[in-house]
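1. Sequence plus predicted model, see below.
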Amino acid sequence: MAFRLLNRTVVLPTLGFGLGVATFMKAWPDEAGAITLNKGKQNTVETQVLPRSDVIQKITESRLYQQLRQDQNMQQSRQSDKIPAGHKPYHVGQGILFGKDKLEIDPLIFLNETEGKLTVFYHLGKDLGNEKGEVHKGIISLLMDEALCYCGFPRLPSKRGVTAKLSLKFNRDIPADSTVILTASVRESKGRKCIIDGNLQVYNEQHVLPGLWGEKEPHVQAECILVEPKWFKYFRRLNMF
């Protein structure tokens, strides 16, 4: 009886947990074990394409971009900087949906961890639209969820968490083949819970801070409740997330 109890409460859970960790770590290769991603070579996957130079130029020459660049509290990066090389082919934004007529630029990110503020530039290509030429709401939901979580991560004890709830309000449709701008800000954070608000809008050169949206409502508004599961604390030293 004692052996069965020990087996059920200690041995089997420990074995299952260990197998889960081993499987997870295999699915997330490091730089040394990553596949080389080069166009034209056999058994490789092409994930890098030439960016839309016209879109990049429009963004980088805008007043908003220059304001963000001059803000010393903003950390500037690209989405690809945050994804390990071996994981990029399996990442939605850097693999499956990245490329010509899809997500046509490597998203440009500005993050202020201290104030909990985020700004991201995307370009949504024509193949992300439906039969009416409007961007699929599923694509928008994915971008909002990913960006709002990224904005809230620094406020959590382990700097990582999961979405407990994502609420979206679609005010207007977004035309396919549009440059869009996503802004997010942490409204509340306490312990292992964080609430983030976000907006998504078709971008134009008149966008400046503050008062980004002017009198019009953004195309999409969102609220994300982000939580950190208790067991995340056990992986802080393993750098698995």
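-> Sure, I can see it.

2. Tell me where the chain has strands.
-> With strands called from DSSP state E, the chain shows them at 75-78, 108-112, 117-124, 162-170, 178-190, 193-202, 220-227.

3. Just put those strands in JSON lines and tack on mean pLDDT.
-> As requested, those are arranged in JSON lines below (pLDDT from 0 to 100):
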{"stretch": "strand 75-78", "mean pLDDT": "91"}
{"stretch": "strand 108-112", "mean pLDDT": "95"}
{"stretch": "strand 117-124", "mean pLDDT": "96"}
{"stretch": "strand 162-170", "mean pLDDT": "94"}
{"stretch": "strand 178-190", "mean pLDDT": "95"}
{"stretch": "strand 193-202", "mean pLDDT": "95"}
{"stretch": "strand 220-227", "mean pLDDT": "95"}
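
4. most neighbours per residue, which of those strands?
-> Counting by mean count of other C-beta atoms under 10 Å, strand 117-124 has the highest mean neighbour count of the strands of the chain, with a mean of 24. Bear in mind the C-beta positions are built from the backbone N, C-alpha and C, glycine included.

5. in this structure, which segments are predicted with low confidence?
-> Across the chain, residues meeting the criterion (pLDDT under 70) sit at 1-51, 205-215, 233-241.

6. Kindly recompute the last result at 80.
-> In the predicted model of the chain, residues 1-51, 82-95, 204-216, 231-241 satisfy pLDDT under 80.

7. so what's Pro154 up against?
-> 113, 116 (C-beta atoms under 8 Å, 6 or more residues apart in numbering).

8. ok, it to Asp101 distance?
-> Distance of Pro154 to Asp101, computed by C-beta to C-beta, to the nearest Å: 34 Å.

9. Spatially central residue in this structure, please.
-> Nearest residue to the geometric centre of the chain (C-alpha atoms, centre = their mean): Glu146, 3.4 Å.

10. Quick one: the strands of the chain as JSON lines, columns for distance to His87 too.
-> Compiled in JSON lines, these are given as follows (distance: least, C-beta to C-beta, whole Å):
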{"stretch": "strand 75-78", "distance to His87": "15"}
{"stretch": "strand 108-112", "distance to His87": "17"}
{"stretch": "strand 117-124", "distance to His87": "19"}
{"stretch": "strand 162-170", "distance to His87": "18"}
{"stretch": "strand 178-190", "distance to His87": "22"}
{"stretch": "strand 193-202", "distance to His87": "24"}
{"stretch": "strand 220-227", "distance to His87": "21"}
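
11. which residues sit in contact with the residue nearest to the centre of the chain?
-> Gly93.

12. quick one, helices of the protein?
-> 2-6, 12-26, 53-60, 63-70, 137-152 (DSSP state H).

13. Ile139 contacts Leu128, doesn't it?
-> Yes - using C-beta atoms under 8 Å, Ile139 is in contact with Leu128, at 5.2 Å.

14. Find residues that contact each of these two.
-> Contacts common to Ile139 and Leu128, judged by C-beta under 8 Å, 6+ apart, are Leu97.

15. Kindly provide the distance from Arg160 to Asp127.
-> From Arg160 to Asp127 the distance is 32 Å (C-beta to C-beta).

16. Between the two, which is the more surrounded one?
-> Arg160 (17 against 14; other C-beta atoms under 10 Å).
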